[in-house]
Every structure is written in C-alpha cells, then in structure tokens.
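# I'd like to go over a predicted model; first the sequence, then the structure.
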Amino acid sequence: MAQKIDWQNLGFKYMQTDCYVRLDYKDGQWSKVQVCTEPFLELHIAATCFHYGQACFEGMKAFSRADGSVGVFRPEQNARRMDATARRLMMVAPPEELFMEAVETVIKQNRDWVPPYGTGASLYLRPVLMGSSPHVGVHPSEDYIFLLLCMPVGPYYKNGFFPVKAYIQEAYDRAAPRGVGNVKAAGNYASGMLGDFDGKGKGYPICLYLDSTTHTYIDEFGTSNFLGITKNNTYVTPDSSSILPSITNDSLQVIALDLGMAVEKRPVAISELTQFAEVGACGTAAVITPVYSITHGEKIYTFGKEQEAGETLTKLFKQIQGIQYGEVEDTHGWMVEI
C-alpha cells in the first residue's frame, strides 16, 4: 500500500511501489504477465544487455482524471516505438496486446500510488527490455526480459513549467548519422551524459545538440525534442534521421493544427534561431519545458521573458495537460482508460 506521500511536492525520482510486472521471452514465446514484488533481478554475468548493449526502455504516464478514472496517454505508441527500437537492436519486443496488458496490470496493482487528481502529479511508467542470454562473441540474445515498473512523480525540472537556459553542446555529438539516435536504446543515454553534465556544470539545465555531420542544423535536446514557434505563429520542429520520434511532440503538432496553427517538420538551421518568438523542449517527462535562452559559443539567443513562459507554449501545455487530466475533451482518442 502507498505510504503517506506529499503529492504536491513530488520530485522526478525512483520510488518503490507495491510491485512491477515481468514477461520472459524463451524458446520463441512470451510468458504470461507476472507480478513481482522484490525490486531485484538475477541475470547471467554474460548477458547481452551488459556486454553488447541489448537494452532499451520507454516512458509514459498515467493520470487521475477529473471524472475519477485513471487514463494512460497513448501507450500503444510506446509499444510500437519499443518494437521499432527492438528491431534496430536485433531484439524481440512483446506484441502490442501483451504490452498493453502489462500496462493495465501494473496500474491496477499499484492503484494507490496514482497521484490524486488536482495535485499536478502523475504515475510514471517505465517499460524496459533487455537481452538475457549469455554470449561473449557478438551475437543477439535468444532470450529477453521485459519489465514494467511505475512510480508517482512530480515535475521533471524542479520549477515545473518555467523557462530555462540551454547550451549548444558542440564538444560531443548526441547521435551518429544512420546510427541509433532515432530509437530509444539505453546506451544513447549513457553516451549523452558527459555532454549533458558538462552543460549543467556551466549552469545550463539542458543542452541542445546539432547534426553530427555539419553542426549547422538543430537535432534535439539531450532528452527531448526541439520545437520553435515563429513570429508568425508557426510550429516548427526538426526533421532528422538521428532524432527520437517523440510521442509528445507528435501530439503537440496535432494540437497546434487544432488551434489553427501551421506546422512544419523540416531541417532547421541553427541560424533560424533568430526567427523564433518561443522555443521549447518537449517529451514525456517534462511535457514542455520553455527555453528562455540558447547559448552558442559567444552568441546568446533569447526568446520571450526570462521569468514567464510564452503565450503559445502555455496554450499548448494547458491543452495537452487538459486532455491528460480529463479537463479537455479527448477528440483524438489518446487516453486509454484503466
């Protein structure tokens, strides 16, 4: 059972809940969903997840809604993205229906840990897939473990929906062209830590990465997609084979169209930063993080006010949050009720 929690002041960090769920792939078949209470695994020391990086994960959220129900935001898209990642890493992901069963099971088993409506918090779900067969020669695993854990979380950034300063990281690249930047491989985040923490050490909460070939086009922030709102109110986001397809970004583009905005997904040159009235970083964890400034060498680009999010980003943020919390009609059928 959930302990007494200060729902209003949750951070974005691990918290042990009642259980997680597990599936095992062996002899070409997935097991049934298993409920596990101890947060530890026993794995072979030669498992491919350790030696060859056969590991990936997803992130999604469940919300207590205005009508008392609990809904998950577009979980089928996470299942499909995990499948795409698995195929790129020569892994086997659970089929969508089994993924969805795991989602339903872990939420029902941890119902007391879903933050109450009105707190601004949510239940974060973390599906993980890893290769478990022992190999010391480079070879894909024959067996896989799928885990789905959950925990109540507050804002990803301490101040929530509040402008931050970003830094263009050119000492390190986020992803190689035709590499694995467009899938959610666990190793992407390990290789990105040094650049991100270098930026944090300079006083910037997030780093923006450029294309690895020419360093003249925007790719994405370290853990989230880039979006810009032009001075004529057009939603612009980069198109690159090295960018992870963001379910949040995709949803925001649909919402922007609903609001009568134009949407452009295309290569975005770094020189275009002067054309944006607002800039944001978007992803599951933070939804939208407004960006007040971007530092590129000696040059600093600024967007809007330092202490206040822009009007359009605020509108987009309230709309997507309204859908998630059941305060705005879900016209696109994105929420899956548990």
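All right, it came through fine. Residues are numbered from 1 along each chain as shown.
# how distant is stretch 235-251 from the center of its chain?
With CA atoms, centre = their mean, to the nearest Å as the basis, stretch 235-251 stands 12 Å off its chain's centre.
# Now that stretch - C-alpha only, CSV.
Extracted C-alpha coordinates of stretch 235-251, given in CSV (Å, rounded to 0.1, in the frame of the first residue of the first chain):
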residue,chain,number,x,y,z
TYR,A,235,5.1,25.4,-35.0
VAL,A,236,8.5,24.2,-36.3
THR,A,237,10.3,21.1,-35.3
PRO,A,238,13.4,19.5,-36.9
ASP,A,239,13.2,16.5,-39.3
SER,A,240,16.3,14.3,-38.9
SER,A,241,17.0,10.6,-39.1
SER,A,242,19.0,11.0,-35.8
ILE,A,243,16.1,12.3,-33.7
LEU,A,244,14.0,10.1,-31.5
PRO,A,245,10.3,10.3,-32.6
SER,A,246,8.6,11.9,-29.6
ILE,A,247,5.0,10.9,-28.9
THR,A,248,4.6,14.2,-27.0
ASN,A,249,5.9,16.2,-30.0
ASP,A,250,3.7,14.3,-32.4
SER,A,251,0.7,15.1,-30.1
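# just checking, what packs against the lengthiest helix in the chain?
Across the chain, the longest stretch assigned as helix under DSSP state H is helix 186-201. Helix 186-201 sits against strand 55-57, strand 164-169, strand 206-210, with contacts defined as 3 or more CB pairs under 8 Å, 6 or more residues apart in numbering; DSSP states H and E. Backbone N, C-alpha and C define where each C-beta goes, glycine included.
# go with 6 Å
Counting contacts by 3 or more CB pairs under 6 Å, 6 or more residues apart in numbering; DSSP states H and E, helix 186-201 packs against strand 164-169, strand 206-210.
# most tightly surrounded among those?
strand 206-210 (a mean of 24; mean count of other CB atoms under 10 Å).
# Just checking: what are the partner strands of it?
Next to strand 206-210 in the sheet, as set by DSSP bridges, lie strand 164-169 (parallel), strand 218-221 (antiparallel).
# Nearest to residue 27 among those would be which one?
With CB to CB as the criterion, residue 27 lies closest to strand 218-221 of the strands paired with strand 206-210, at 38.9 Å.
# How about residue 34: what's its closest non-neighbour residue?
Spatial nearest neighbour of residue 34, chain neighbours left out: residue 22 (4.7 Å); criterion: CB to CB, 6 or more residues apart in numbering.
# OK, contacts around the most centrally placed residue in the chain?
Nearest residue to the geometric centre of the chain (CA atoms, centre = their mean): residue 284, 4.0 Å. Residue 284 makes contact with 59, 248, according to CB atoms under 6 Å, 6 or more residues apart in numbering.
# Could you tell me how far it is located from residue 261?
According to CB to CB, to the nearest Å, residue 284 and residue 261 sit 22 Å apart.
# Distance check, the residue nearest to residue 34 against residue 109.
Per CB to CB, residue 22 is found 12 Å from residue 109.
# next one: residue 98
For residue 98, the distance to residue 109 - CB to CB - is 16 Å.
# can you check residue 153 too?
Shown here: residue 153 relative to residue 109, a distance of 18 Å by CB to CB.
# same deal with residue 270?
47 Å.
# Give me the mean pLDDT for stretch 320-328.
Averaging pLDDT along stretch 320-328 gives 95.
# swap in stretch 215-224?
pLDDT averaged over stretch 215-224 gives 94.
# How about residues contacting that stretch?
Here stretch 215-224 has contacts from 192, 196, 206-209, 211, 226, 238, 240, 242-243, 267-270, 281-283, using CB under 6 Å, 6+ apart.
# need the helices for the stretch 51-200 of the chain, in chain order.
Assigned by DSSP state H, counting those that start in this stretch, the helices in the stretch 51-200 of the chain fall at 75-88, 96-109, 186-201.
# ranking those by mean pLDDT, which is last?
Mean pLDDT is lowest for helix 186-201 among those, at a mean of 94.
# Just the C-alpha atoms of that helix, please, in CSV.
Provided in CSV are the C-alpha atoms of helix 186-201 (Å, rounded to 0.1, in the frame of the first residue of the first chain):
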residue,chain,number,x,y,z
ALA,A,186,19.6,2.6,-23.3
GLY,A,187,23.2,3.2,-24.5
ASN,A,188,22.1,6.5,-26.1
TYR,A,189,21.6,8.0,-22.6
ALA,A,190,24.9,6.7,-21.3
SER,A,191,26.8,8.3,-24.2
GLY,A,192,24.9,11.5,-23.8
MET,A,193,25.5,12.0,-20.1
LEU,A,194,29.0,13.6,-20.4
GLY,A,195,27.8,16.3,-22.7
ASP,A,196,24.7,17.0,-20.7
PHE,A,197,26.6,17.2,-17.4
ASP,A,198,29.2,19.4,-19.0
GLY,A,199,26.4,21.8,-19.8
LYS,A,200,24.9,21.5,-16.3
GLY,A,201,28.4,22.3,-14.9
